[in-house]
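Trainee: Provided below for reference: sequence and predicted model.
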Amino acid sequence: MLTFVEAIKEIESRFRGEPKTKKVALVKGVNHIIAEEVYCKEDLPPLPKSTMDGFVVSSRRKNYEIKGEITLLSNPPTHIKDDEAYQVYTGSLLPYNSLYVIKKELATVNGRVLFVKSESAFEKNFLDAGEDCKRGAPILKKGDVLSSRAASFIGLAGIKNVKVYKKPKVAILPIGTELIGKSGPDLTGFAIKGIARSMMVNAELMDPVPDSVDDISKTVKLLSKKYDVLLTVGGTGVSIRDLTENALLLSGGNAIFKGIKLQPGRTSGFFIFGKKPIINLPGNAQAAVAAFFALFPKALQTMGFMPYVKKIRAILKQKLDVEEGWAKVFFIRLVNSNGCIIADPINIKPHTLKFLLDADALLITNKPLSEGSMVEIMLI
């Protein structure tokens, strides 16, 4: 049985994939992970922009000569004189030396003369050029997810295409005769599917297969032709009905490791079948989720994909003990205490499912940690 560190090194040594990226239009890049930093191509707005209807001026006076209007479609003059005013509208671009936009209700107009009613009328009421986005400034970092809101914004900033990571196709295969004919999906597989999709992965939950070497082998061969990664769920124990590993070996799979010093999740395995990884997860939900976070992101990264795993740093609420030579996964509840993020390990009974509701994150460590330690945790 390998240690967690040895298992990760084995995975890293088996794959040396180049980054799997593509250049796409903004709309097609939504919900993909950005593969290179995105910079603003031009100032946004390109000129000062009015935030209300009124009159733009460049000085503080009692009255001004109205020289015209600046509509939403017209280009503003480059300069406005001290004694001049232009009527503007919400969204109108303004001259560079604009100082105030006087609200309509705080001024009166007599012919072509603008009279200011009070000193309170002299308010800025416009955005500076580049206030939303300065030319050359970073907008998105490598590893960020391109949301529809972000796509809308960077489109306004003059960007039409982005470089993103391709999404791997992942099949999740529940194994167990007891699952056949059961109403609804396998709960452990369903949980893994949801977590995988939160990592920006195209994950599909397959119909379960029975505890049969022939059925498992046949299904694995079919799925390996269509998917980049296969996750099996169940059949990793030591009983006579746990046939997943035997089925993979008999069908030509190469065992990288069978069993790992990880708590929970020690019966997990890792195979290569036709140059594609197969991760064997236990049927128990706690062990499956723990092993999934421990192995799946690393496998994708070494293949050249980029799973979205959000990590934060937090202060550990209590001491954690770990058996020598083992790694342990702790499920964490996050607590905000006076602006500090506290990582509070949850005491979970084996085989319970409530951790899916109570846990906000998890922590993987192969060494004991003291109370008050600053730790890196992965959000679930």
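Mentor: Yep, that arrived. Numbering: from 1, shown residues only.

Trainee: wait, residue 193 sits on residue 205?
Mentor: Yes - counting by C-beta atoms under 8 Å, residue 205 is a contact partner of residue 193 at 4.5 Å. Where C-beta positions appear, they are placed from N, C-alpha and C, glycine not excepted.

Trainee: common neighbours of these two, please.
Mentor: Residues touching both residue 193 and residue 205 (C-beta atoms under 8 Å, 6 or more residues apart in numbering) are residue 172.

Trainee: for this structure, which strand is longest?
Mentor: Ranked by residue count and defined by DSSP state E, the top strand of the chain is strand 327-337.

Trainee: quick one: contacts of that strand?
Mentor: Residues outside strand 327-337 that contact it (C-beta under 8 Å, 6+ apart): 3-5, 261-265, 286, 290, 293-294, 314, 317, 320, 322, 341-346, 348, 355, 358-366, 377.

Trainee: please list only the buried members of those.
Mentor: 4, 261-265, 286, 290, 293-294, 314, 317, 320, 342-345, 348, 355, 359-366, 377 (16 or more other C-beta atoms under 10 Å).

Trainee: which of the residues you listed fall in strands?
Mentor: With DSSP E as the criterion, strands contain 261-263, 314, 342-345, 361-365, 377 from among these.

Trainee: residues contacting residue 347?
Mentor: Contact partners of residue 347, counting by C-beta under 8 Å, 6+ apart, are absent.

Trainee: let's go with 10 Å and repeat that
Mentor: Each residue near residue 347 by C-beta atoms under 10 Å, 6 or more residues apart in numbering is listed here: 330, 331.

Trainee: show the pLDDT at it.
Mentor: Residue 347 carries a pLDDT value of 88.

Trainee: one more: the one 5 residues further on?
Mentor: At residue 352 the predicted local distance difference test score is 78.

Trainee: same check on the one 4 residues further on?
Mentor: pLDDT for residue 356: 85.

Trainee: in the stretch 201-350 of the chain, where is pLDDT below threshold?
Mentor: 238-240 (pLDDT under 70).

Trainee: for stretch 158-169, C-alpha coordinates in PDB please.
Mentor: Presented in PDB, the C-alpha positions along stretch 158-169 are these (Å, rounded to 0.1, in the frame of the first residue of the first chain):
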ATOM      1  CA  GLY A 158     -12.500  45.300 -26.400                       C
ATOM      2  CA  ILE A 159     -11.700  41.500 -26.100                       C
ATOM      3  CA  LYS A 160     -13.400  39.100 -28.500                       C
ATOM      4  CA  ASN A 161     -11.700  35.800 -27.800                       C
ATOM      5  CA  VAL A 162     -10.100  34.100 -24.800                       C
ATOM      6  CA  LYS A 163      -7.800  31.200 -24.300                       C
ATOM      7  CA  VAL A 164      -9.400  28.600 -22.000                       C
ATOM      8  CA  TYR A 165      -8.700  25.100 -20.800                       C
ATOM      9  CA  LYS A 166     -10.700  22.300 -22.500                       C
ATOM     10  CA  LYS A 167     -13.100  20.500 -20.300                       C
ATOM     11  CA  PRO A 168     -12.300  16.800 -19.700                       C
ATOM     12  CA  LYS A 169     -15.000  14.300 -20.300                       C
END
